[in-house]
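**Q** Kindly generate the corresponding structure for this input.
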Amino acid sequence: MSAQHTPLRDRLLARVGGSVEAFAGNWNWRSHSPRVRAEQSLADAEREINDVLAELSADGATPEQADSWIERYLDKWAAYEAAGARTANPMITGPANFPVERNRKLLATEMRRYDELSQHVKGAGAWLRRQNRIAQAKLAASDENSGAFKSVEVDGVRVVENTEMDRIQIFFPGKPAPDEIALLKGRSFKWAPSIGAWQRQLTDNARRATQQVLTAITKAEGRDQ
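**A** Numbers count the residues shown, from 1 in each chain. Here you go, the predicted model:
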């Protein structure tokens with residue numbers, strides 16, 4: 001099973017010992033209910049990932065881009081959890097000879113790892129835009145004859161067959177008129193703000209739908225006269 005099709009809970013557990021029992025050991029020095037804390041952390045992380053995936057999907061992220069974001073999240077989440085596992089609570093371990101200064105430094109490290117994880121979550125939209133800019137730059141620099149990038153422009157409306165992202169994309173010089181937006185939506189195109197284009201999966205049906213959109217727009221605006 002590929003990573004994309006592995007349940008999120010299993011992917012999370014794979015980073016912290018492979019089982020809830022192993023992960024619960026992270027709280028042995030911090031909680032009277034380590035398994036409960038482990039289950040809560042897994043549930044919180046899974047919910048957070050799904051919330052961001054919904055946002056990325058609405059912005060036109062490809063499955064590959066979404067999975068790349070998840071992998072970075074898993075790295076940062078695992079680093080945060082590992083840092084937390086090194087800390088202790090004197091209410092659990094007992095106050096005798098408790099290493100206060102050492103624990104303070106470990107708690108500071110845990111907070112840094114948490115901040116890094118939070119920034120990755122909050123910056124998901126900016127991250128996607130960077131990935132798209134990088135992909136577009138690579139395509140623009142590639143040989144158009146390679147078939148990886150095909151572009152045609154009709155009176156300022158540019159159509160791109162982006163095989164790297166598996167999308168056909170329509171770029172308008174400005175915001176389309178309401179009837180044009182309705183036309184695009186009626187042909188299953190979705191607005192991808194991170195790219196600045198209307199797009200749908202690259203298929204023969206998508207090519208025909210694009211031609212229908214262009215034909216309707218040019219006729220409505222008298223461009224063919």
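
**Q** contacts and neighbour counts: CA atoms only from here.
**A** Noted.

**Q** Please compute how far the helix or strand bottoming out on mean pLDDT in the chain lies from its chain's middle.
**A** Ranked by mean pLDDT, DSSP states H and E, the weakest helix or strand in the chain is strand 149-154, scoring a mean of 72. Its chain's C-alpha centre and that of strand 149-154 lie 27 Å apart, by Cα atoms, centre = their mean, to the nearest Å.

**Q** Show me what it is packed up against.
**A** strand 157-162 (3 or more Cα pairs under 8 Å, 6 or more residues apart in numbering; DSSP states H and E).

**Q** Note down every partner strand of the strand it packs on and its orientation.
**A** In the sheet, strand 157-162 lines up against strand 149-154 (antiparallel), strand 167-171 (antiparallel) (DSSP bridges).

**Q** mind listing what's buried in that strand?
**A** Neighbour counts using 16 or more other Cα atoms under 10 Å place 158-162 of strand 157-162 among the buried residues.

**Q** residue contacts, Gly17?
**A** By Cα atoms under 8 Å, 6 or more residues apart in numbering, the contact list for Gly17 reads Phe23.

**Q** Is it in a helix, a strand, or coil?
**A** Three-state call for Gly17 (DSSP: H, G, I helix; E, B strand; the rest coil): coil.

**Q** quick one: it from Glu39, how far?
**A** Note on Gly17: its distance to Glu39, by Cα to Cα, to the nearest Å, is 14 Å.

**Q** ditto for Ala209
**A** 47 Å.

**Q** In terms of helices and strands, where is Ala43?
**A** helix 34-58 (DSSP states H and E).

**Q** now that helix, how far from the chain's geometric center?
**A** Centroid separation between helix 34-58 and its chain, computed with Cα atoms, centre = their mean, is 14 Å.

**Q** Helix, strand, or coil at Thr87?
**A** At Thr87 the chain is in coil, as set by three-state DSSP.

**Q** Check whether it really touches Lys105, as I assumed.
**A** No: between Thr87 and Lys105 there is no contact under Cα atoms under 8 Å: 9.0 Å.

**Q** More neighbours: which of the two?
**A** Applying other Cα atoms under 10 Å to Thr87 and Lys105 shows that Thr87 carries more neighbours, namely 21 against 12.

**Q** Just list the residues touching the more buried one, thanks.
**A** Taking Cα under 8 Å, 6+ apart, one finds 29-30, 103, 106-107 in contact with Thr87.

**Q** mind checking pLDDT for it?
**A** pLDDT, Thr87: 94.

**Q** same deal with Arg129?
**A** Residue-level pLDDT assigned to Arg129 equals 84.

**Q** can you tell me the helix or strand for it?
**A** helix 124-141.

**Q** Now do the phi/psi pair for the residue of the chain positioned farthest from its centre.
**A** Centroid-distance maximum for the chain: Ala96 at 46.0 Å, with Cα atoms, centre = their mean. With angles defined as degrees, to the nearest 10, Ala96 sits at phi -60, psi 120.
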